[in-house]
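Asks: attaching a predicted model along with its sequence, questions to come.
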Amino acid sequence: MHFPNEKVIYEVPIYSMSQKEFQHRWENWKKKCYIRSEDMGHTREETENIVKSIMQGQYPRNVWKYNQIVGFVEIAVSSRDIAFYVHKTLDKRIRATGNTKHYIQDMWINGLHFPIHNMTNEEIVIEIDRFLDAIQKDLSNPLYLCRDVYNNIKNNIDFIGLM
């Protein structure tokens, strides 16, 4: 819940896992397909065709960037503070190849704000990064706070002007 004088200026998504972890899980899944196919007596060439066919049917549906957003962090600015609101799932098991919807809820974490009185834009960006680092550290593994887009624009946001 936001205060009336706050404006949400950015939402940073929380993915079910990092891109590296996602690729690792898919590679493990692919290796198991190879082993299973070879155990069934298929030749190496038949195994290649089977796995290729399976991957064409499965992998494109599971592109990492759009795979299971299980939360988000709102960055809100008011006349005196920058505040962070964390919303995420409480689910413990999230599969890389799954299609289960995970309910996202507000975590109601106190203390995720800082005053911006007499701070420059550069100091505000550094402080926001520090808070996002702390939020990432508190997320259970393998949840991943994807800051790619935020990092591309953070130095172009005029926080003082937004107040």
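Replies: Yep, it's here.
Asks: and the protein, what are its domains?
Replies: 7-17+68-156, 21-64 (automatic domain parsing).
Asks: deepest-packed of the ones you listed, please.
Replies: domain 7-17+68-156 (a mean of 15; mean count of other Cβ atoms under 10 Å). All C-beta spots, glycine's among them, are computed from the backbone N, C-alpha and C.
Asks: how far does that one sit from its chain's centre?
Replies: Relative to its chain's centre, domain 7-17+68-156 lies at 9 Å (Cα atoms, centre = their mean, to the nearest Å).
Asks: where does the chain dip in pLDDT?
Replies: Along the chain, the model assigns pLDDT under 70 to residues 1, 59-67, 95-100.
Asks: how about the residue located most distally from the centre of it, phi and psi?
Replies: Distance from the centre of the chain peaks at Gly41, with 40.6 Å (Cα atoms, centre = their mean). Here is the backbone geometry of Gly41 (degrees, to the nearest 10): phi 100, psi 10.
Asks: quick revisit: nearest to Leu162, out of the domains of the chain?
Replies: Taking Cβ to Cβ as the criterion, domain 7-17+68-156 is the member of those that comes nearest to Leu162, at 5.0 Å.
Asks: who are the packing partners of the biggest helix by length in the chain?
Replies: Taking DSSP state H as the criterion, the chain has its longest helix at helix 19-39. Applying 3 or more Cβ pairs under 8 Å, 6 or more residues apart in numbering; DSSP states H and E, we find helix 19-39 packed against helix 44-58.
Asks: again, 10 Å this time
Replies: Counting contacts by 3 or more Cβ pairs under 10 Å, 6 or more residues apart in numbering; DSSP states H and E, helix 19-39 is packed against helix 44-58, strand 144-145.
Asks: a markdown table for those, including distance to Gln105?
Replies: Listed next are these as a markdown table, based on distance: least, Cβ to Cβ, whole Å:
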| stretch | distance to Gln105 |
| --- | --- |
| helix 44-58 | 30 |
| strand 144-145 | 17 |
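Asks: for Val8, find the nearest of the ones you listed.
Replies: Nearest of the helices and strands packed on helix 19-39 (Cβ to Cβ): strand 144-145, 16.5 Å.
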